[in-house]
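Trainee: coords below, sequence missing:
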């Protein structure tokens with residue numbers, strides 16, 4: 001039987017959904033919740049809480065984060081890359 005899992009961090013933020021069994025905090029969920037794959041849920045005391053707002057995520061330049069070619073965020077590079085680079089992080093905004 002397939003076990004659907006929702007993994008979350010210590011703040012109750014959804015990290016990812018999977019049928020695999022990696023280590024970490026998770027809840028066993030139903031097929032409908034798994035299919036919806038919502039990242040705007042919160043986990044509080046082991047329960048899923050649906051928010052009454054929506055979230056917007058945006059890539060922003062940063063001093064830390066994922067390193068990419070300066071003029072193309074789709075090309076991820078490592079520290080040995082010779083050329084102009086930029087670091088990017090994801091910012092999340094909650095809108096009511």
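Mentor: Arrived safely. Bear in mind that the values here come from a model prediction, so they are computed numbers and not experimental data.
Trainee: if I look at residue 81, how far off is residue 66?
Mentor: 13 Å (C-beta to C-beta, to the nearest Å). Quick note: C-beta positions are derived from backbone N, CA and C, even for glycine.
Trainee: whoops, I mixed them up, residue 30
Mentor: 33 Å.
Trainee: how about residue 93?
Mentor: For residue 93, the distance to residue 66 equals 19 Å [C-beta to C-beta].
Trainee: higher neighbour count, these two?
Mentor: Taking neighbours as other C-beta atoms under 10 Å, residue 93 and residue 66 compare with residue 66 leading, 14 against 10.
Trainee: could you give the bridge partners of the residue nearest to that one when sequence neighbours are not counted?
Mentor: Residue nearest to residue 66 in three dimensions, not counting chain neighbours: residue 88, with 5.2 Å by C-beta to C-beta, 6 or more residues apart in numbering. Assessed by DSSP bridges, residue 88 has beta-bridge partners residue 61, residue 66.
Trainee: ranges for the strands of the protein?
Mentor: Taking DSSP state E as the criterion, the chain carries its strands at 4-8, 14-18, 26-29, 41-44, 47-50, 54-62, 66-69, 72-76, 85-95.
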